[in-house]
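Undergrad: Okay, predicted coordinates and the sequence, questions at the end:
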Amino acid sequence: MDETVPSGMNVLLIGLDGVSPSILDSLFETGDLPALRSLFGDGVDGELTSQLPPWTPSAWPSLYTGVNPGKHGAFDFLAFDGYDWDIVDRCRVREHAIWELLDRHDRRSVVVNVPVTAPPLPFDGALLPGYVGPEDPPCHPPGILDDVRAEIGSYHVYAPADADDHERREWYGRLVGMRGAAFRYLADRFDPDFGFLQFQQTDTVFHEMPENRDAVREVFEAVDEEVAAVLDACDPATVVVVSDHGIGPYEGPEFRVNDHLRDVGLLETTRGAGGMPSWTSTKRGRLGEGDGTSAAVERLVTAASSVGLTSQRLGRLLDAVGLKEFVLEHVPADAVRAGTERVDFASSTAYMRSRTEMGVRINLAGRDDSGDVSPAEYPAVVDDLVEELAAVRTQDGDPVFESVVPADSVFSGPYIDEGVDVLTVPADFDVYLSASLRDEPFGDPPEPWNHTLDGIVAAVGRGVDAAASLDDAHLFDVAPTVLALCGVPPSDRMDGEVLPFAGDAESVEYPPFTPPDGRDGVDDAVTKRLTDMGYLEDGLD
């Protein structure tokens, strides 16, 4: 491996969240996106297969560490500690990132907007965290966010939570512009060997405005303009473009896994305190919070739930008459929670904790606080669950799942016990998996678009063999490939391999990763954003 450090930016990694080849192809056909078209047309490009589950808070950590979730520990938007939870952060990603390994070889990096990077660890360079971090995230080095804001005028991680559709559409372009401007400023200031710039809005627009083709086009045009400006300002020797997963429209139903598990006797429910967390508490501006109104309404909802009118049923009635959103904004969170029927973790044999974990957790004795499945029974319970779920059919008679397998057949590493025990892969990623309880297992999907496995990858520049094949390119291959392009050996713990266009590189052993101390807990503003985008499910649905 060549340890010579060339002058200037050696490798620029551009991340586009949630982009499939079909999305780019449709935009390229109209003649749009000249900068991205040149990157995909002048070198090598192909499909980049994502991981399971193909969700932002687990996929980006896998991409920037080169290991599967069982080795880094971030499986979902949520990080569970027993039956408690908070939002995943860098402390739960327990493996070295690309820029941290580059630091060990005297390479400097600038990293902007990459998800699940707060709080950052020290390294030679600068990092502004992205998605699922707070609006004012801890950055590296300390104080750099203030410098960025002073230099470019404004920098935000998110659009205002109360923005309407028109305002959000304007914010898409503003946020994209901030990413590019911040990256150019930091690259000029730090003169990095490696740059990593991520754009989240390419995914956000499909979740928030999926039918608005003009809004989609505007987002990608804004990204293309920033990519062109970064290429002009930084003149990187090699450019690699990747996405963490793909995205596509739903045509199938919603399948409520926990309703099915309850129907077959594997899951118990509860109301009031305890049980599955209710995301309703993240709604803002509720009338009566902190005064007697809250307690009075809570007693009313609790009384209603005692005669079978749970918050879910109440929600359906309110939705039918157009009052659901009003209630969510004005009824105290504790009142809704009092009547919400939720999974009782401790009393259940198996349950889906979070829909984006894409699997079922078994309540295992010795691992889970109130586990009721003994280690001796565990293999049989896994087998029974696999058989039970694999047999589920939609109302049209089609399989709900493409595959149902023990999680340890997909994940490996020291943290597999923190994830699910049975992995459930929806058929063609066309079935919306839900962890919420609705009294019946099937319904219409609440979102029109779903994540898929077909991401994108392209590379052009020094060290890139344009004739190389990308037939088997995988998300895990990005980190070792970037390191090889920088003349740095990959870690022998990585699950991916150097992609053929970058040549060969022999891996070496790096010291074990030491997780940092000190988590800040749940950020309610971030949780609300995730709820509003459909990643976390609301108790009143």
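TA: Here it is on my side, so go on. The structure displayed is predicted, hence computed values, not measured ones.
Undergrad: Quick one: neighbours of Glu170, just the number.
TA: Using other C-beta atoms under 10 Å, Glu170 is surrounded by 13 other residues. Just so you know, the C-beta spots here come from the backbone N, C-alpha and C atoms, and that holds for glycine as well.
Undergrad: elements contacting the longest strand along the chain?
TA: Criterion DSSP state E: the longest strand present in the chain is strand 454-461. For strand 454-461, the elements it packs on are helix 21-29, helix 34-41, strand 44-49, strand 238-242, strand 246-249, judged by 3 or more C-beta pairs under 8 Å, 6 or more residues apart in numbering; DSSP states H and E.
Undergrad: pLDDT of whichever helix or strand comes after it, averaged?
TA: As assigned by DSSP states H and E, the chain's next helix or strand after strand 454-461 is helix 478-485. Average pLDDT, helix 478-485: 98.
Undergrad: And stretch 73-84, by the same measure?
TA: 91.
Undergrad: Report the buried residues of it.
TA: Residues of stretch 73-84 classed as buried by neighbour count (16 or more other C-beta atoms under 10 Å): Gly73, Ala74, Phe75, Asp76, Phe77, Leu78, Ala79, Phe80, Tyr83.
Undergrad: wait, the third one sits on Pro69?
TA: This points to Phe75. Yes - with contact defined as C-beta atoms under 8 Å, Phe75 counts as touching Pro69 (4.8 Å).
Undergrad: Overlap of the contact sets of the two?
TA: Common neighbours of Phe75 and Pro69 (criterion: C-beta atoms under 8 Å, 6 or more residues apart in numbering): Ser58, Gly419.
Undergrad: picking that back up, what would the helices and strands packed on strand 454-461 look like in TSV with mean pLDDT, distance to Ala376 and mean neighbour count?
TA: Formatted as TSV, the helices and strands packed on strand 454-461 follow (pLDDT from 0 to 100; distance: least, C-beta to C-beta, whole Å; neighbours: other C-beta atoms under 10 Å):
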stretch	mean pLDDT	distance to Ala376	mean neighbour count
helix 21-29	94	47	16
helix 34-41	96	54	18
strand 44-49	98	37	21
strand 238-242	98	44	24
strand 246-249	94	41	20
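Undergrad: nearest to Pro516, of these?
TA: Nearest to Pro516 among the helices and strands packed on strand 454-461 is strand 238-242; the distance by C-beta to C-beta comes to 26.1 Å.
Undergrad: Tell me the buried residues in the one helix or strand Ala150 maps to?
TA: Here Ala150, judged by DSSP H and E, is contained in helix 144-152. Of the residues in helix 144-152, Ile144, Leu145, Asp147, Val148 count as buried by neighbour count, 16+ other C-beta under 10 Å.
Undergrad: Figure out how far that helix is from the centre of its chain.
TA: Between the centre of helix 144-152 and the centre of its chain there are 27 Å (C-alpha atoms, centre = their mean, to the nearest Å).
Undergrad: average pLDDT across that helix?
TA: On average, helix 144-152 scores 98.
Undergrad: one step back: parallel or antiparallel, list what pairs with the longest strand of the chain.
TA: For strand 454-461, the paired strands and their directions (DSSP bridges) read strand 44-49 (antiparallel), strand 238-242 (antiparallel).
Undergrad: I'd like to know which of these is closest to Pro399.
TA: Between the strands paired with strand 454-461, strand 44-49 lies closest to Pro399; by C-beta to C-beta that is 21.4 Å.
Undergrad: quick one on the thing from earlier: could the helices and strands packed on strand 454-461 go into TSV alongside distance to Phe476?
TA: Formatted as TSV, the helices and strands packed on strand 454-461 follow (distance: least, C-beta to C-beta, whole Å):
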stretch	distance to Phe476
helix 21-29	19
helix 34-41	22
strand 44-49	9
strand 238-242	12
strand 246-249	16
